[in-house]
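*Asks:* Sequence and computational prediction follow.
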Amino acid sequence: MNELSDYDLLLAVRKLPHILIEMMKKYPGRIFVAGGYLRSVITGDSISDIDVFTDTPILARACAGWVAQESKKKLIETKNALTIYTRPHPIQFIHRWTFKKPEECVQSFDFTIARAAIWWASTGTLVDNVAKTETPQGVWRSTCDERFYPDLAARRLVYCSPVRIEEAGGSMLRVLKFYSRGFRIPIDSLAAVMARTVSGVNYLENMPEHEAAMVISGLLREVDPLIDPDHISHLASHKGSDDGR
């Protein structure tokens, strides 16, 4: 594993909400920002949200509750995350997946361009014997995949086939998202993503192709309901079969 450049690390920290920085310093090494936020900061793309990971679901819930209370924003829970719509960017505390170390979190991402994380690391306590005070000391740290920068510069999607529990089709949807943003995927990575999608459904083997396609479409819609909220693709496919096309 490598590290982010000093400039990118500083830029990423500067763009974090103060309330999140305060929380990360309160729990050094136990809270880390990873994934799409760092990619967007480095490339200059728009930031959609900030994904925050912790070492336990309990800590994720506690932090999310505190941020919601302090920011006076509503807390929204899904099966994966707790989201607070703070400004300028929503903060998502991921509670479904937790990691003891930032490196473990980074290695769980499916594409190299998402494999980066930052966190606040404790370096001890400064003791003032005169004032009788103790001040925690620390420093910002980072880690990233060795291919993070090269693939990001080339806008190349390299799939890492991570060992993790996820919805079938999740990586395929991210391929579509990144492709629309100008990224390109090598054929071997695309094949691996397709294999992961199909392997998530073990009963497709003897199913007619059009039925299998409907099953996979349902899986993709389940991962991201907003991709086709009105089921237009489903209606279009039925219209095509009815009129002979």
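*Replies:* Received, thanks. Nothing here was measured: the structure is a model prediction, and the numbers come from that model.

*Asks:* How is the chain partitioned into domains?
*Replies:* Taking automatic domain parsing as the domain assignment, the ranges for the chain are 6-147, 170-242.

*Asks:* need the helices for this structure, in chain order.
*Replies:* Remark: helices assigned in the chain by DSSP state H are 6-14, 18-26, 36-43, 57-71, 102-107, 148-153, 170-180, 187-199, 209-223, 232-242.

*Asks:* my guess is Gln137 contacts Pro28, does it?
*Replies:* No. Counting by CB atoms under 8 Å, Gln137 does not reach Pro28; the two are 9.7 Å apart. Bear in mind the C-beta positions are built from the backbone N, C-alpha and C, glycine included.

*Asks:* more crowded one of these two?
*Replies:* Pro28 (17 against 11; other CB atoms under 10 Å).

*Asks:* Can you tell me how far the closest residue to Arg96 other than its chain neighbours is from Ala34?
*Replies:* On the basis of CB to CB, 6 or more residues apart in numbering, the spatially nearest residue to Arg96 that is not a chain neighbour turns out to be Asn80, at 4.5 Å. For Asn80, the distance to Ala34 (CB to CB, to the nearest Å) stands at 14 Å.

*Asks:* do Trp119 as well
*Replies:* 9 Å.

*Asks:* about what we covered before: Asn80 and Ala34 - which one has more neighbours?
*Replies:* Per other CB under 10 Å, whichever of Asn80 and Ala34 has more neighbours is Ala34, with 27 against 14.

*Asks:* just how off-centre is stretch 151-168 within its chain?
*Replies:* 11 Å (CA atoms, centre = their mean, to the nearest Å).

*Asks:* Quick one: mean pLDDT for it?
*Replies:* Average pLDDT, stretch 151-168: 83.

*Asks:* Please work out which residues outside it touch it.
*Replies:* Stretch 151-168 is touched from outside by 39, 42-43, 97, 107-113, 115, 145, 147, 150, 171, 175, 178-179, 181-186, 189-190, 192-193, 196-197, 199-201, 219, 222-223, with contacts defined as CB atoms under 8 Å, 6 or more residues apart in numbering.

*Asks:* follow-up on the earlier one: quick one: common contacting residues for Trp119 and Ala34?
*Replies:* Pro102.

*Asks:* if we can go back for a sec, which residues touch the residue nearest to Arg96?
*Replies:* Applying CB under 8 Å, 6+ apart, we find Asn80 in contact with Ile94, His95, Arg96, Trp97.

*Asks:* Verify the contact between Gly65 and Leu75 for me.
*Replies:* Yes. Gly65 lies in contact with Leu75 (CB under 8 Å); the separation is 6.6 Å.

*Asks:* With pLDDT and neighbour count added, can I get the contacts of Asn80 in JSON lines?
*Replies:* Output for those, formatted as JSON lines (pLDDT from 0 to 100; neighbours: other CB atoms under 10 Å):
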{"residue": "Ile94", "pLDDT": "95", "neighbour count": "21"}
{"residue": "His95", "pLDDT": "94", "neighbour count": "22"}
{"residue": "Arg96", "pLDDT": "91", "neighbour count": "12"}
{"residue": "Trp97", "pLDDT": "91", "neighbour count": "17"}
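
*Asks:* and the domains of the chain, which one's lowest on average pLDDT?
*Replies:* Minimum mean pLDDT among these: domain 170-242, a mean of 67.

*Asks:* show me the contacts for the spatially most central residue of the chain.
*Replies:* For the chain, the residue nearest the mean C-alpha position is Gly35 (4.6 Å; CA atoms, centre = their mean). Gly35 makes contact with Asp51, Phe109, Ala114, Ala116, Ala117, according to CB under 8 Å, 6+ apart.
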